[in-house]
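Colleague: Turn this into a model:
(one chain, ligands or ions: 1)
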Amino acid sequence: MKIGIIGATGFVGNAIYKEALERGHEIVAVSRTRRVEEHPKVKIHQETIYNEKALEKVLKDVDVIISAYNPGYFHVDLHNRYIQGYDLLVNLSKKLDKKLIMVLSATSLKLPGGAAMEEDLSYPAVLLKYMSGAKAVYEKYVNDMSFKWTMVSPAAILINGKKTKKYVMNTDTIVLDAYGDSSKVSVQDLADAILNEVESPKYLNKRFTIGYK
Ligand SMILES: NC(=O)c1ccc[n+]([C@@H]2O[C@H](COP(=O)([O-])OP(=O)(O)OC[C@H]3O[C@@H](n4cnc5c(N)ncnc54)[C@H](OP(=O)(O)O)[C@@H]3O)[C@@H](O)[C@H]2O)c1
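Modeller: Presented below is the predicted three-dimensional model:
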């Protein structure tokens with residue numbers, strides 16, 4: 001398949017990029033810098049998503065778009081910039097009729113028992129602040145069935161680890177391990193789950209999360 005990856009230079013996006021290459025896919029990589037390694041199956045576009053015309057041209061013949069966009073954890077207006085970025089990507093997905101896989105955050109997930117993540121006092125307040133934009137994007141588009149999307153709410157904090165394939169998937173409730181923790185999920189396992197969704201879609205217009213039991 002031909003996969004558009006927004007943010008292929010980032011922590012999450014680069015793991016997705018590597019997993020997609022390992023599976024033999026063609027990639028159209030979009031980010032403002034060119035920090036991904038060159039490969040015959042990759043077209044690198046040094047472009048901002050805010051250049052709508054250019055982005056449309058670059059992504060017009062991909063099969064699916066995966067976004068691991070993040071304006072930067074220290075962006076002065078992170079919350080609004082996150083929403084603005086996703087508004088553009090959603091509009092593009094609608095216009096081109098391409099499925100958009102959005103890697104958001106765990107902040108909109110529920111705890112086992114049904115309470116919102118914000119009510120968990122052990123969840124770092126700084127993360128809630130960083131990722132309030134991702135939660136707002138989730139709330140804005142979760143009921144929008146006018147385009148094809150899958151939202152991904154990874155574990156609270158991802159680590160650079162190994163692909164174990166030993167993860168459990170869920171839709172709206174965070175997956176916690178035996179110690180009640182969700183902070184040690186590898187970004188490689190997340191990339192594996194996302195590429196599985198690309199190849200064999202099971203979460204059309206749904207959200208998923210992953211974790212270890
Ligand atoms: N890191 C974690 O532990 C974790 C945990 C849970 C969820 N997540 C979620 O995963 C997503 C990605 O986070 P991350 O940690 O991978 O962030 P990151 O490392 O900062 O990567 C963000 C990516 O977005 C790109 N980008 C930023 N502005 C852009 C623009 N205007 N146009 C094009 N590309 C742009 C960056 O590339 P350039 O700078 O080269 O443009 C970079 O590739 C976020 O939604 C985050 O909530 C992350």
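
Colleague: looking at it, residue 80 is touching residue 87, isn't it?
Modeller: No: applying CB atoms under 8 Å, one finds residue 80 not in contact with residue 87, separated by 10.3 Å. Using the backbone N, CA and C atoms, a C-beta is placed for each residue, glycine as well.

Colleague: Going by neighbour count, which residues in stretch 100-113 are buried?
Modeller: 100-111 (16 or more other CB atoms under 10 Å).

Colleague: Need the contact partners of the helix or strand of the chain with the lowest mean pLDDT.
Modeller: Every helix and strand in the chain was compared by mean pLDDT, DSSP states H and E; the lowest is helix 125-130, with a mean of 77. Residues from elsewhere that reach helix 125-130 (CB atoms under 8 Å, 6 or more residues apart in numbering): 73, 78, 105, 107, 117-118, 156-157.

Colleague: In that helix, which residues are buried?
Modeller: For helix 125-130, burial by neighbour count (16+ other CB under 10 Å) applies to 127-128, 130.

Colleague: Return the closest of those residues with respect to residue 57.
Modeller: When these are compared for distance to residue 57 (CB to CB), residue 130 wins out at 31.8 Å.

Colleague: Quick check: that closest one vs the ligand, distance?
Modeller: Going from residue 130 to the ligand by CB to the nearest ligand atom, to the nearest Å gives 7 Å.

Colleague: just to revisit the earlier point, near the ligand, from the buried residues of stretch 100-113?
Modeller: 103-106 (CB under 6 Å from any ligand atom).

Colleague: Okay, buried residues for the helix of greatest length in the chain please.
Modeller: Longest helix in the chain by number of residues, with DSSP state H as the criterion: helix 78-96. Buried residues in helix 78-96, defined by neighbour count with 16+ other CB under 10 Å: 78-79, 81-83, 85-86, 88-90, 92-93, 96.

Colleague: Just the closest of those residues to residue 35, please.
Modeller: Set against residue 35, the nearest of the buried residues of helix 78-96 by CB to CB is residue 85 (18.8 Å).

Colleague: Now do the same contact list for the closest one.
Modeller: Neighbours of residue 85 in contact, by CB under 8 Å, 6+ apart: 49-50, 69, 71.

Colleague: mind running it again at 6 Å?
Modeller: 49, 69 (CB atoms under 6 Å, 6 or more residues apart in numbering).

Colleague: Checking my notes, residue 14 in a strand, right?
Modeller: No: looking at residue 14 with DSSP: H, G, I helix; E, B strand; the rest coil, it is helix, so not inside a strand.

Colleague: For stretch 28-46, measure first residue to last.
Modeller: 11 Å (CA to CA, to the nearest Å).

Colleague: The closest residue to the ligand within the chain: how many residues sit nearby?
Modeller: Per CB to the nearest ligand atom, residue 10 is where the chain lies closest to the ligand, at 2.1 Å. Look at residue 10: counted by other CB atoms under 10 Å, it has 20 neighbours.
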